[in-house]
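Participant: Sequence below, structure please.
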Amino acid sequence: MKLFIWAYLGLLSGTSMYLHQDAGLEESMKRGEEIYADFCITCHLDSGEGVAGTFPPLAKSDYLMQQREASIRGVKYGQSGEIVVNGVTYNSMMMDPGLEEEEVADVMNYILNSWGNRSDTMVTVEEVAQIQPR
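Facilitator: Here you go, the predicted structure:
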């Protein structure tokens, strides 16, 4: 009986943490959607498809999912130089948008969980703060 109670409490605790993270992610994504509309939509477009050969897609992006730190760095400081997204090489420049660390986390959470992307881990302000320019 004690084992059952401990298992039940563990399950209850794990479920509440999961639901709390989901609520936090949902709020972050709402804020991130507004930031995306203000700073990103012009180049990456409404549904994150980008512009072929010029601005890489964010929708179903292998780069975003495999290069998390580099993606955060690009949003935090801007991006220049070659990157390969979904097998296509891009070599354009993205200016530093001048976002606060919380804004970077929010827009990354929106991008990483939209248009066919799904991240298992929420981007936090603490994670963004750790990212330094190259």
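Participant: low-confidence ranges in this protein?
Facilitator: For the chain, residues meeting the criterion pLDDT under 70 lie at 1-21.
Participant: in it, which residue is closest to the centre?
Facilitator: M108 (2.5 Å; CA atoms, centre = their mean).
Participant: who touches that residue in this structure?
Facilitator: G32, S71, I72, V75, V123, V128 (CB atoms under 8 Å, 6 or more residues apart in numbering). Yep, even glycine has a C-beta here, placed from its N, CA and C like the rest.
Participant: Is the third one in contact with I131, as I believe?
Facilitator: Right, I72. Yes. Here I72 reaches I131: they are 5.1 Å apart, a contact under CB atoms under 8 Å.
Participant: Tell me which of these two has more neighbours.
Facilitator: I72 (22 against 19; other CB atoms under 10 Å).
Participant: how close does that one sit to S114?
Facilitator: Distance of I72 to S114, computed by CB to CB, to the nearest Å: 16 Å.
Participant: Same check on G48?
Facilitator: Taking CB to CB, one finds G48 at 6 Å from S114.
Participant: which residues do these two both contact?
Facilitator: Counting by CB under 8 Å, 6+ apart, the contacts common to G48 and S114 are L58, A59.
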